[in-house]
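S.K.: make a model of this:
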Amino acid sequence: MPFLAAAPTWKPIDLVLGGLWAMAAGALTWSIARSAMQITYVTLADGRRRERRLPMLFRVLLPFTASFPFLEGERYRKARGQITQRLTMAGYDTLLRAREVQALKLLMPLIPGVLLCVLMHFAFQAIPGGFGEALFTRRGYFFVSALLLAYVYPMAWVNKMVAFRHRSIQRALPFVLDLLTLSVEAGLDFMTALRRIVEQRRVDELGEEIIQVFREVQVGKTRKEALRAMAERINHPDIRSVVSALVQADELGVGIATVLRIQSDQIRTRRFQRAEKLANEAPVKMLFPLVCFIFPAVFIVLLGPIFIQMMRQTL
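M.R.: Now for the predicted structure:
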């Protein structure tokens, strides 16, 4: 038969190379799957562990961050300090280092960014008609946008985690201050009240910082130093206000219970003001979807039957 004569002949070297490629692809797939399913934890000051999830792309690319030793240079020291501060505020300072974040900013455009560009290239070519050709001629803008998005994603994610942690601390702070006020008014010492709150409450973002304060006082720091260190780690206006009031009360000999009650009322007032501000901004934020989506839909629903009837009459 003619088709039997045209059958390809496989050499042993081809089989060996094919097997090696298959093994490499399998090992890469296994490594990516293992990194995707990996769960990371942070160890708190009292020994407990809390889960911290890193994005899948971060977990996949972290082993390759050691390939950029020049990021340890003196030239990038200021940038590393700023990133370290943001990681501390986000609560990821024990999982990620500033140099790793800088390396991720370089790796993200090289690997996922290039893959995204290749996929966009084939997608534009697959679109039929002049629309696909127009997109294909302008693909450079999309490629550059994809690379820029991949470059800024690591720091955007860190900033998102900082905002999430600040919101959680903001919500929990008034209730913790109320518990501290009741405990101090009941006759407990301030540090004993902190320990009771840590033992009774579910560990959240604010609870992690309180555990750190309590542990630092146990190892020899003064209460004022531990509270100021917490304010520097969190770097939030409400925490700085509470810490400043507690430090001043400690220095001037004012009753801590009174200061805590005043701070709790002030924080609730500021939270109510923020809620009012967001409520006042809602109509402005709703203007775009109203104009672009809701009004056209209403016109289509109301005027659609009339247009259909007119078309039938003309036909």
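S.K.: what strand or helix carries the nearest residue to Val158 once chain neighbours are set aside?
M.R.: Spatial nearest neighbour of Val158, chain neighbours left out: Arg86 (5.1 Å); criterion: Cβ to Cβ, 6 or more residues apart in numbering. Yep, even glycine has a C-beta here, placed from its N, CA and C like the rest. Using DSSP states H and E, Arg86 falls within helix 77-90.
S.K.: re earlier: contacts only, for the residue nearest to Val158.
M.R.: 155, 158-159, 162 (Cβ atoms under 8 Å, 6 or more residues apart in numbering).
S.K.: rerun that using 10 Å as the cut-off
M.R.: By Cβ atoms under 10 Å, 6 or more residues apart in numbering, Arg86 lies in contact with 92-93, 98, 101, 155, 158-159, 161-162, 235.
S.K.: in helices, which of those residues appear?
M.R.: 98, 101, 155, 158-159, 161-162 (DSSP state H).
S.K.: surely Ile169 touches Ala231?
M.R.: No - using Cβ atoms under 10 Å, Ile169 is not in contact with Ala231; the gap is 11.4 Å.
S.K.: need the overlap of contacts for those two.
M.R.: By Cβ under 10 Å, 6+ apart, the residues touching both Ile169 and Ala231 are 209, 239.
S.K.: contacting residues for the residue nearest to Phe58 when sequence neighbours are not counted?
M.R.: Excluding the flanking residues, the one nearest Phe58 by Cβ to Cβ, 6+ apart is Leu104, at 6.3 Å. Residues near Leu104 by Cβ under 10 Å, 6+ apart: 55, 57-58, 61-62, 64-65, 68, 96, 150-151, 153-155, 157-158.
S.K.: angle of the helix or strand encompassing Leu104 against helix 77-90?
M.R.: Element membership for Leu104 (DSSP H and E) is helix 98-110. Counting by axes from the mean of the first three to the mean of the last three Cα atoms, to 10 degrees, helix 98-110 lies at 100 degrees to helix 77-90.
S.K.: circling back to that earlier point, what about burial for the contacts of Leu104, which qualify?
M.R.: Buried members of those, counted by 16 or more other Cβ atoms under 10 Å: 57-58, 61-62, 65, 68, 96, 150-151, 153-155, 157-158.
S.K.: how about JSON lines for the residues you listed, with pLDDT, distance to Lys224 and secondary structure added?
M.R.: Formatted as JSON lines, the buried ones among the contacts of Leu104 follow (pLDDT from 0 to 100; distance: Cβ to Cβ, whole Å; DSSP: H, G, I helix; E, B strand; the rest coil):
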{"residue": "Leu57", "pLDDT": "82", "distance to Lys224": "42", "secondary structure": "helix"}
{"residue": "Phe58", "pLDDT": "86", "distance to Lys224": "37", "secondary structure": "helix"}
{"residue": "Leu61", "pLDDT": "83", "distance to Lys224": "42", "secondary structure": "helix"}
{"residue": "Leu62", "pLDDT": "83", "distance to Lys224": "38", "secondary structure": "helix"}
{"residue": "Thr65", "pLDDT": "83", "distance to Lys224": "38", "secondary structure": "helix"}
{"residue": "Phe68", "pLDDT": "81", "distance to Lys224": "40", "secondary structure": "coil"}
{"residue": "Leu96", "pLDDT": "89", "distance to Lys224": "30", "secondary structure": "coil"}
{"residue": "Ala150", "pLDDT": "84", "distance to Lys224": "44", "secondary structure": "helix"}
{"residue": "Tyr151", "pLDDT": "88", "distance to Lys224": "42", "secondary structure": "helix"}
{"residue": "Tyr153", "pLDDT": "91", "distance to Lys224": "39", "secondary structure": "helix"}
{"residue": "Pro154", "pLDDT": "92", "distance to Lys224": "36", "secondary structure": "helix"}
{"residue": "Met155", "pLDDT": "93", "distance to Lys224": "33", "secondary structure": "helix"}
{"residue": "Trp157", "pLDDT": "94", "distance to Lys224": "34", "secondary structure": "helix"}
{"residue": "Val158", "pLDDT": "94", "distance to Lys224": "30", "secondary structure": "helix"}
